[in-house]
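In: fold the following, please.
(chains A and B)
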Amino acid sequence: NAGVTQTPKFQVLKTGQSMTLQCAQDMNHNSMYWYRQDPGMGLRLIYYSASEGTTDKGEVPNGYNVSRLNKREFSLRLESAAPSQTSVYFCASREQGSYEQYFGPGTRLTVT
Amino acid sequence: AQKITQTQPGMFVQEKEAVTLDCTYDTSDQSYGLFWYKQPSSGEMIFLIYQGSYDEQNATEGRYSLNFQKARKSANLVISASQLGDSAMYFCAMRWYSSASKIIFGSGTRLSIRP
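Out: Numbers count the residues shown, from 1 in each chain, chains lettered A, B, ... in the order given. Reported below is the predicted structural model:
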């Protein structure tokens, strides 16, 4: 099992450009999450999806959109990137009834 | 609103000593869970321990234990006999059952173990 995979690993964007971060899990988990981690800020929840077909806002959803494409995949889209969105983005998944989240390796995004 | 607070940005501890990392939380829910994760310099997130709000005993996992004081709304992580490999960022996190899938994190504590 690959666990949680994220693509790309690194990305540099110019202000105003758009991109989609991809996340996939092969553990048949119901819940999936997107977090961002800024230096010294810990992880902040952007969006989450409790199950296929549902998405909800987290702590910092502004400037982002998500799609739960199917049970395996949960993508995060930046429509018009801003320097304030420079961060490391983590995707995670969790089985219903379990408390442990499994994290992907992260995507390091720089917006210039 | 639910909130997690870690007030120690950084700590230095001598190898083999025990260390306590502080975590306080704020919620009006009665049913919730508390977690600790470790993030080494390599960046991955490693689950350490979980405590449910209705668990009567403090959670333990090897050298990790969670000192859960419900009335004080604190869930401190205790690492016994610290090792050099314990040097990392440590995050406290919370999940509450009125919004069962939502999980939020504190800002973290950077632990450095001195040989």
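In: please count neighbours and contacts with C-alpha atoms only from this point.
Out: Fine.
In: mind listing what's buried in stretch A:99-112?
Out: Within stretch A:99-112, the residues that count as buried by 16 or more other CA atoms under 10 Å in any protein chain shown are A:99-111.
In: before we move on, what about stretch B:83-90?
Out: B:83, B:86-90.
In: does that stretch reach chain A?
Out: No: judged by CA under 8 Å from any CA of the partner chain, stretch B:83-90 stays clear of chain A, getting no closer than 9.2 Å.
In: so how far does that stretch reach from one end to the other?
Out: Start to finish, the residues bounding stretch B:83-90 are 15 Å apart (CA to CA, to the nearest Å).
In: what about residue B:18, how many residues close to it?
Out: 14 (other CA atoms under 10 Å in any protein chain shown).
In: just confirm it contacts residue B:79, I think it does.
Out: Yes: at 5.6 Å, residue B:18 and residue B:79 qualify as touching, with contact defined as CA atoms under 8 Å.
In: before we move on, the earlier item: could you export the buried residues of stretch B:83-90 as a markdown table, including distance to residue A:67, pLDDT and secondary structure?
Out: Output for these, formatted as a markdown table (distance: CA to CA, whole Å; pLDDT from 0 to 100; DSSP: H, G, I helix; E, B strand; the rest coil):
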| residue | distance to residue A:67 | pLDDT | secondary structure |
| --- | --- | --- | --- |
| B:83 | 42 | 96 | coil |
| B:86 | 37 | 97 | helix |
| B:87 | 36 | 97 | coil |
| B:88 | 33 | 96 | strand |
| B:89 | 30 | 96 | strand |
| B:90 | 30 | 97 | strand |
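In: ok, those residues vs residue A:94, which is closest?
Out: residue B:90 (19.8 Å; CA to CA).
In: I figured that closest one hits residue B:109, correct?
Out: Yes: counting by CA under 8 Å, residue B:90 does reach residue B:109; the two are 5.2 Å apart.
In: now the closest residue to chain A within chain B. Nearest residue, chain neighbours left out?
Out: Proximity of chain B to chain A (CA to the nearest CA) peaks at residue B:107, 3.9 Å away. Among residues not flanking residue B:107 along the chain, residue A:42 sits closest, at 3.9 Å (CA to CA, 6 or more residues apart in numbering or on different chains).
In: contacting residues for the one you found?
Out: B:91, B:105-108 (CA atoms under 8 Å, 6 or more residues apart in numbering or on different chains).
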